[in-house]
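Novice: need coordinates for the following:
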Amino acid sequence: MAKQFTLGKDERLKSRKQIEQLFSEGKKFSIPLFRVFYLFFDPLPTHTSLLTFGVGVSNKNFKRAVDRNRIKRLTREAWRLQKKQLNEKLKINGKQLNVFFIYTSKELPDYQLVKDKVAVALEKLEKFIDESTVANS
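Specialist: Residues are numbered from 1 along each chain as shown. Below is the predicted model of the structure:
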């Protein structure tokens, strides 16, 4: 039985080529705390995960690596615990999704705030999945 809440190696967006493609061809939206880039495409046989995720924090706003790493850790944890419904929607619709969050605020957040904002972003992404499915039909 697979673990329910994981963020494994295959679910992390690490490929420079994929990240560059996401920023050049993908779409974006902003919510308080985050700018979210996303790109839908048809599943590739080489990818084992339908949903890949990355997060970045500017060193212009946070000089200390400790602070940047904490924000990334909080964001990954909030994503890990809430991504299940989005993943199931991708399976149903036969799509693959790359998502990248960029933290835009200048203050250190607490976990509850990050969790709430990630939930808002996930709801928007689910709407975009539905819209792309309707458009392709």
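Novice: is it true that residue 13 touches residue 21?
Specialist: No: contact criterion CB atoms under 8 Å: residue 13 and residue 21 do not qualify, at 10.6 Å. All C-beta spots, glycine's among them, are computed from the backbone N, C-alpha and C.
Novice: neighbour-wise, which of these two wins?
Specialist: residue 13 (17 against 14; other CB atoms under 10 Å).
Novice: show me what contacts the more buried one?
Specialist: 19, 22, 52, 53, 54, 98, 99, 100 (CB atoms under 8 Å, 6 or more residues apart in numbering).
Novice: next one: the helix or strand harbouring residue 85 to chain centre, how far?
Specialist: Using DSSP states H and E, the element containing residue 85 is helix 84-93. Chain-centre distance of helix 84-93: 14 Å, with CA atoms, centre = their mean, to the nearest Å.
Novice: tell me what the next helix or strand along the chain from that helix is packed against?
Specialist: Per DSSP H and E, the first helix or strand lying C-terminal to helix 84-93 is strand 96-103. Where contact means 3 or more CB pairs under 8 Å, 6 or more residues apart in numbering; DSSP states H and E, strand 96-103 is packed against helix 16-25, strand 34-41, strand 51-57, helix 65-82, helix 84-93, helix 111-136.
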